[in-house]
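Engineer: could you work out the structure for the sequence below:
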Amino acid sequence: MENYLLLLVESLTSLSVSFAVLYVLSRPLMNVLSRICPDEHAAAFWLSYTKVMLLIAPLLLVLTMDLLAHFSNPLDSWRFALIVALGGILVGLYTVGERLGKFVTTPQKTGGAS
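Structural biologist: Numbers count the residues shown, from 1 in each chain. So this is what the prediction gives:
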């Protein structure tokens, strides 16, 4: 029974981290997507896609790493799950940033005396 509880705690940890990041990121991401997407439906799709990916990727990594790493102390297992979940979020955010960064342009300086 203890293994089931640990798996539940690890899964909830991953989902909690993902939901916290999505809570902070959703509004600014929608603002950016509204500016770069051709219409509102495309922006809504890409926002939903990003949310799903930022939920699934860390959870998948946590569940996979749980199969590969076995610790005798449940606290070590939970700590490892948290590290893996944060790593999954980091990779996901980096990927989103790489994609959106291609659409961000820096303003050109217009002549000025130096």
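
Engineer: grab the nearest non-local neighbour of L7.
Structural biologist: Using C-beta to C-beta, 6 or more residues apart in numbering and skipping the chain neighbours, the partner closest in space to L7 is D66 (6.7 Å). For the C-beta atoms, the positions are set from N, CA and C on the backbone; glycine is no exception.

Engineer: give the rounded mean pLDDT of whichever strand or helix holds the one you found.
Structural biologist: Under the criterion of DSSP states H and E, D66 resides in helix 40-68. Computed over helix 40-68, the mean pLDDT rounds to 93.

Engineer: and what of stretch 21-34?
Structural biologist: Average pLDDT, stretch 21-34: 93.

Engineer: which other helices and strands contact the helix or strand harbouring G88?
Structural biologist: Assigned by DSSP H and E, G88 belongs to helix 74-101. Under the contact criterion of 3 or more C-beta pairs under 8 Å, 6 or more residues apart in numbering; DSSP states H and E, helix 74-101 touches helix 2-36, helix 40-68.

Engineer: now do the contacts for the residue nearest to L7.
Structural biologist: Applying C-beta atoms under 8 Å, 6 or more residues apart in numbering, we find D66 in contact with L7, E10, S77, A81.

Engineer: hmm, back to that, give the buried residues for the helix holding D66.
Structural biologist: Neighbour-count burial for helix 40-68 flags 43, 46-47, 50-51, 54-55, 57-59, 61-62, 65-66 (criterion: 16 or more other C-beta atoms under 10 Å).

Engineer: can you count the residues close to S34?
Structural biologist: 14 (other C-beta atoms under 10 Å).

Engineer: that one reaches A43, doesn't it?
Structural biologist: Yes - applying C-beta atoms under 8 Å, one finds S34 in contact with A43, separated by 4.8 Å.

Engineer: rewinding a little: which of the contacts of D66 count as buried?
Structural biologist: Applying 16+ other C-beta under 10 Å to the contacts of D66 flags E10, S77, A81 as buried.

Engineer: surely the last one is in contact with V62?
Structural biologist: Just to be clear, that refers to A81. Yes - assessed by C-beta under 8 Å, A81 is found in contact with V62 at 4.9 Å.
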